[in-house]
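S.K.: sharing a model prediction with you, sequence too.
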Amino acid sequence: MEKRIQFQFNGRYEVLGTASEQVEELWFVCHGHGQLAKYFIRKFESIAQPNRLIVAPEGLFRYYLQGFSGRVGATWMTKEDRVNDIDNYITYLSAVYHEVRSGLPKDIKTTFLGFSQGAATISRLATMTDLEFDRLVLWAGIFPPDLPPLKSTDRLKDKQCFLIYGLQDEFLTDARIQEQESIARQIKVTPESISFEGKHELSDQILQQLAAKPYRHQ
C-alpha cells in the first residue's frame, strides 16, 4: 500500500547579476532535460547587464547521464508519479520566485523562459500559479497538453508569448509543431514564432534579439 510523507526539501538555483532596487528586468529561466543550472545560466551571459537579473532554478532530480559515474544532469520530472512531481516543482519554483522578487522593485518586468523540457515546466508555472510575469518564452519546446484550459486562457491573454526554435532541431518535428498549434488554439494563445539556423540549442543572436524587444506595457 502506497503512502506519502511531507518534509522540508533543500533545492538550489543560480543567479546571474545582483538583486537590487536598480534592477528593471527579471528573467526566470528553466533548463532542459539532462542539464544543470550552473551551466545553463552561462548561456545567458550575452544578455547580462546591471539592470537585468537572470535566475536559473534547477530540476529537483539529478542523475548520471551515462552509467553510474561521470557527468550529471537534472530533470524536472518523468512519467513516474508525474502529478506529484509537477506539484513539487511548482512549489519549489514558486518559492525561488518569491525569494528573488522580495529583493527587487515591485514594478519589475519579468520574462519566463523555458528551454526544451523546461518549456513545459515554465508553462505550468505560468498557468497553474498566480505569479506575476509579462512574457512567456518557449524555446525548443511546446505547451504541455495538460494545461488547465480556462485558467491558461485567462493567465496568458494579456501576455507576450514567443515560440523559438532552430530550423534543424531534430526534436521539433512537424507533428510536434502541429501539436503546439492545437494546444495554443485550445487555450486561445497565438505565440510569435522566431526561428533560426540551428539545432536543439540556444542562440546568442536570438537571445539578444529577444532581450531588445520592448515589453508590451513598457
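M.R.: Nice, thanks for sending it over.
S.K.: now the residue nearest the centre of the chain: closest residue in space, sequence neighbours ignored.
M.R.: Geometric centre of the chain, nearest residue: G114, 2.6 Å, by CA atoms, centre = their mean. Residue nearest to G114 in three dimensions, not counting chain neighbours: I122, with 3.2 Å by CB to CB, 6 or more residues apart in numbering. (Glycine included, C-beta is placed from N, CA and C.)
S.K.: so what's that neighbour up against?
M.R.: 28-30, 112-114, 136-138 (CB atoms under 8 Å, 6 or more residues apart in numbering).
S.K.: which helices and strands does the longest helix belonging to the chain pack with?
M.R.: Once the chain is assigned using DSSP state H, the helix that runs over the most residues is helix 82-101. Counting contacts by 3 or more CB pairs under 8 Å, 6 or more residues apart in numbering; DSSP states H and E, helix 82-101 packs against strand 25-30, strand 52-57, helix 117-128.
S.K.: what's the spacing between the residue nearest to Q22 when sequence neighbours are not counted and E99?
M.R.: Nearest residue to Q22, sequence neighbours excluded (CB to CB, 6+ apart): N51, at 6.1 Å. As for N51, its distance to E99 is 20 Å (criterion: CB to CB, to the nearest Å).
S.K.: helix 117-128 and the lowest-mean-pLDDT helix or strand in the chain, what's the angle between them?
M.R.: In the chain, no helix or strand scores lower on mean pLDDT, DSSP states H and E than helix 174-186, which sits at a mean of 88. Relative orientation of helix 174-186 versus helix 117-128 (axes from the mean of the first three to the mean of the last three CA atoms, to 10 degrees): 10 degrees.
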